[in-house]
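Participant: just to be clear, the model below is a prediction. Sequence and coordinates:
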Amino acid sequence: DAGITQSPRHKVTETGTPVTLRCHQTENHRYMYWYRQDPGHGLRLIHYSYGVKDTDKGEVSDGYSVSRSKTEDFLLTLESATSSQTSVYFCAISDSGGGYNEQFFGPGTRLTVL
Amino acid sequence: AQTVTQSQPEMSVQEAETVTLSCTYDTSESDYYLFWYKQPPSRQMILVIRQEAYKQQNATENRFSVNFQKAAKSFSLKISDSQLGDAAMYFCAYRSGGSNFGNEKLTFGTGTRLTIIP
């Protein structure tokens, strides 16, 4: 299994509070991704990173920011959490960006915003 | 933008039988890749099988095979000899081909929940 961990695994927070989710990898893969999973929507890309300090927006980036100061860590921040951000969040990594290369997924973080 | 459609929210199959999950996609590109991921109750996303668009031959991985119809933009997953451990949510996903920046992203369908009946 690819070495990907996410923390926390579960979190309950209140509307308006900041939240940071962490993804940590031990594979030295260049690319890292944050997805959210919601019923009826599958997985949707929030942000991704193609190197240290290099990030770009995905399909549903509003309300989220990311940072990557080290190869192994990719942080997702909700500056002011809203109930619509209640979801399961997955981190993924890949060695190369495109083509046939597999994206490996972390175990997910269940976030509930009350 | 590419879209991926899975029209069967739920499917069920008797253990040891064969089941086919449907996936269609919309794209104007000729070079791309298609994937099927499995998500069991543990929530872990697991790659089941993948297909390159420029390959005519359908991909096969043990009991899992695909029927790739490029002209119809269809990419169905066939599971033979279904087992209880196959019970999961299955997602179809699309990725653009080539090495252009931005081609890294996966676009997922909404998933099909597969139940195995003992």
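Facilitator: Perfect, thanks for sending it.

Participant: okay, now the sheet partners of the worst-scoring helix or strand of chain B on mean pLDDT, with direction.
Facilitator: Every helix and strand of chain B was ranked by mean pLDDT, DSSP states H and E. The lowest is strand B:60-61, at a mean of 91. When pairing is defined by DSSP bridges, strand B:60-61 lines up against strand B:64-69 (antiparallel).

Participant: what segments of chain B are strands?
Facilitator: B:3-5, B:10-14, B:19-21, B:24-26, B:32-39, B:46-52, B:60-61, B:64-69, B:74-79, B:88-96, B:107-108, B:112-117 (DSSP state E).

Participant: in TSV, list those strands along with distance to residue A:12.
Facilitator: Just so you know, the C-beta spots here come from the backbone N, C-alpha and C atoms, and that holds for glycine as well. Below are those laid out as TSV (distance: least, C-beta to C-beta, whole Å):
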stretch	distance to residue A:12
strand B:3-5	32
strand B:10-14	29
strand B:19-21	34
strand B:24-26	36
strand B:32-39	23
strand B:46-52	28
strand B:60-61	39
strand B:64-69	37
strand B:74-79	36
strand B:88-96	24
strand B:107-108	26
strand B:112-117	26
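
Participant: a markdown table for those, including distance to residue A:92 and mean neighbour count?
Facilitator: Below are the strands of chain B laid out as a markdown table (distance: least, C-beta to C-beta, whole Å; neighbours: other C-beta atoms under 10 Å in any protein chain shown):
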| stretch | distance to residue A:92 | mean neighbour count |
| --- | --- | --- |
| strand B:3-5 | 17 | 16 |
| strand B:10-14 | 26 | 13 |
| strand B:19-21 | 22 | 19 |
| strand B:24-26 | 20 | 16 |
| strand B:32-39 | 10 | 23 |
| strand B:46-52 | 11 | 17 |
| strand B:60-61 | 20 | 12 |
| strand B:64-69 | 21 | 18 |
| strand B:74-79 | 20 | 20 |
| strand B:88-96 | 11 | 23 |
| strand B:107-108 | 11 | 22 |
| strand B:112-117 | 20 | 17 |
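
Participant: quick one: which of these is nearest residue A:6?
Facilitator: Nearest to residue A:6 among the strands of chain B is strand B:32-39; the distance by C-beta to C-beta comes to 15.1 Å.

Participant: near chain A at all, the closest one?
Facilitator: Yes - Strand B:32-39 lies within reach of chain A by C-beta under 8 Å from any C-beta of the partner chain, at residue B:33.

Participant: got the CA positions of that strand in PDB?
Facilitator: What follows is strand B:32-39, C-alpha atoms only, in PDB (Å, rounded to 0.1, in the frame of the first residue of the first chain):
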ATOM      1  CA  TYR B  32      -7.100   9.800 -22.800                       C
ATOM      2  CA  TYR B  33      -7.200   7.200 -20.100                       C
ATOM      3  CA  LEU B  34     -10.100   5.500 -18.300                       C
ATOM      4  CA  PHE B  35     -10.100   3.900 -14.900                       C
ATOM      5  CA  TRP B  36     -12.400   1.900 -12.600                       C
ATOM      6  CA  TYR B  37     -12.000   2.400  -8.900                       C
ATOM      7  CA  LYS B  38     -13.600   0.300  -6.100                       C
ATOM      8  CA  GLN B  39     -14.500   1.700  -2.800                       C
END
